[in-house]
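>>> Fold the following, please.
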Amino acid sequence: MAGLKTRVVGVVGGKKSGKTTTIEILTRELTSRGFRIAVGKHIPDAGFTIDTSGKDTWRYVQSGAKTVVAVSLNEIATIEKACADLSLNEILKRCRGVDLIFLEGFRELLAEDRSVYKIVVAESAQDVEEAIQIFEPILAFTGSYAPSNAHPRIPYLNVLIEGKEIADLLEKVVIKPVLT
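Reported below is the predicted structural model:
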């Protein structure tokens, strides 16, 4: 699984900091270059479900099914129940056939794993200082707070203006070393 992990980038930051926007911009840029992208999103809300009450897939789960695969003309959705404490490897196994996996959130899992590069979406100097202590390795900072000298080896790139530059960095440091 080590080879797979080298193609993973965690995007971390506070709630409403711009993590989703960062991933949208980078996904758009990298797919335009021909790369296949997967995204894993951590949703910490205890009552959240992707399923809709009363629909057939919901009814199957209510009757005891642990996995339901829903297939339409345009997509396949897999609903798995009782997946509370997945490891990072178990999450990544579900993302097959791609060149890069973005993980949004998963703060604790990403803090523990030093083989996964992180992009930190910062809103304050405190966010930057905390990230430097918790997350390693950090590929870049982005977000509404632009640190002047957060760390000499970690660039700040405003994803809204410099999305191509962050994509270049991802391609050079994360994607290409694995593909070659």
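
>>> Show me what counts as buried in the lengthiest helix in the chain.
In the chain, taking DSSP state H as the definition, the longest helix is helix 19-32. Within helix 19-32, the residues that qualify as buried by neighbour count (16 or more other CB atoms under 10 Å) are 19, 21-23, 25-27, 29-30. The way it works is simple: take the backbone N, C-alpha and C, and place the C-beta from them, glycine included.

>>> can you check stretch 46-63 too?
51, 57, 60-61.

>>> Compute the first-to-last residue distance for that stretch.
Terminal residues of stretch 46-63 lie 21 Å apart, using CA to CA, to the nearest Å.

>>> average pLDDT across that stretch?
Across stretch 46-63, pLDDT averages out at 82.

>>> What of stretch 117-137?
pLDDT averaged over stretch 117-137 gives 93.

>>> Give me the residues contacting it.
Outside stretch 117-137, the residues that touch it by CB atoms under 8 Å, 6 or more residues apart in numbering are 8-14, 17-19, 22, 110-111, 114, 138-145, 147, 150-151, 154, 166, 173-174.

>>> rerun that using 6 Å as the cut-off
9-13, 17-19, 22, 111, 114, 138-145, 147, 150-151, 174 (CB atoms under 6 Å, 6 or more residues apart in numbering).

>>> Could you check how far it is from the centre of its chain?
15 Å (CA atoms, centre = their mean, to the nearest Å).

>>> How about it, which residues are buried there?
For stretch 117-137, a neighbour-count test (16+ other CB under 10 Å) marks 117-122, 127-128, 131-132, 134-135 as buried.

>>> Identify the bridge partners of the nearest residue to G13 once chain neighbours are set aside.
Distances taken as CB to CB, 6 or more residues apart in numbering place V121 nearest to G13, at 3.2 Å, with adjacent residues excluded. Beta bridges link V121 to G13, T142, judged by DSSP bridges.

>>> all helices of the chain, in order?
Going by DSSP H, the chain shows helices at 2-5, 19-32, 56-62, 88-93, 107-112, 125-134, 159-170, 176-179.

>>> Tabulate those in a markdown table, adding columns for distance to I79.
Output for the helices of the chain, formatted as a markdown table (distance: least, CB to CB, whole Å):
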| stretch | distance to I79 |
| --- | --- |
| helix 2-5 | 24 |
| helix 19-32 | 22 |
| helix 56-62 | 6 |
| helix 88-93 | 15 |
| helix 107-112 | 21 |
| helix 125-134 | 32 |
| helix 159-170 | 30 |
| helix 176-179 | 30 |
